[in-house]
Every structure is written in structure tokens, then in C-alpha cells.
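Q: Below is the sequence, then the predicted model.
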Amino acid sequence: MSVIAEGQGKVTRDRMIGAFCGYILLGITWATFYYLLESFSPGSFNNTRELLISSGESSLPRITVELADFVYFSLVTLTTLGYGDILPVNRQAKSLAIMEAMGSVRKQPGAGSVKTGSYSIQSFPKPGIGIISPPR
């Protein structure tokens, strides 16, 4: 039994892993953009989790957001999950986050069908073959 996604050939384990790696690479690329923006314009992002922890003090210290935080933020934005613990503050940061989210919404249906849907749906035997037969 072969598994075929429409217009894309066989869905193999390598293709599924490749799609996953491409998704992660896309997240790391966006994280780099966020990191560069924060480097050139400090204060573009707020890490609200750490602000809540240190809010007992009278003056809030400047909380830095590191590259690992941007990878996390990027993957959360890419999946359109949006926890809200790291927030874009200025217009440039908000614009980048919107572009990433809009781009991911456009790519997710196709990537999802290659990664999961077409593999699981089309791996069942076709009617009339094997144990499944069409009603008469």
C-alpha cells in the first residue's frame, strides 16, 4: 500500500522529517530577526513572566530577552498559539510578529496535510481492496 499526497508524490518519513525541520528553521530565522531588532532597538520586547516575578520591587529592572526567548516566542507565534508572556512593544516588533503569524497561517494547511493528514487518511485501504468493500 503506497501513501500519496495529491500533487506531491509519496509521503515518506524523510519528507515528514524535512517538513518538521523546515518549520523549525523558519522559527529560528524569525527569532534571528527579533533578536536583531532587540539589539538595534532595546526594549522592543517585554518578558512579562519575569516582570511578574520581580514586580515586588518599587522600580522594575530592565528585563533582557535572550535569543532562546526569541526562538520560543517565534515558535509560539508561528503556531499562532500566543501565550503572551513575551510581548512585542514597539511598532517594528509588532509588525514582525504580525508578518510571521500571517505567513504561518498561509503555510499551515498545506504543511499539516503533508505532515499528518494525507499520511493518516490515505494509508487506509481503498474500498474494494482487502477487508473494506463498498456497500451493494
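A: The structure has been received and is ready for your questions.
Q: longest helix in the protein, by residue count?
A: Taking DSSP state H as the criterion, the chain has its longest helix at helix 13-40.
Q: can you pull the buried residues of the helix or strand that comes right after it?
A: Where DSSP states H and E defines the elements, the next helix or strand beyond helix 13-40 is strand 45-47. Judged by neighbour count using 16 or more other CB atoms under 10 Å, the buried positions of strand 45-47 are 45-47. The C-beta positions use only the backbone N, C-alpha and C, and glycine is treated the same way.
Q: packing partners for strand 45-47?
A: When contacts are defined as 3 or more CB pairs under 8 Å, 6 or more residues apart in numbering; DSSP states H and E, strand 45-47 sits against helix 67-78, strand 86-88.
Q: For Tyr35, see how far away Pro88 is.
A: 13 Å (CB to CB, to the nearest Å).
Q: hmm, back to that, any chance of the helices and strands packed on strand 45-47 in CSV with mean pLDDT as columns?
A: Shown next, in CSV, are the helices and strands packed on strand 45-47 (pLDDT from 0 to 100):
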stretch, mean pLDDT
helix 67-78, 91
strand 86-88, 89
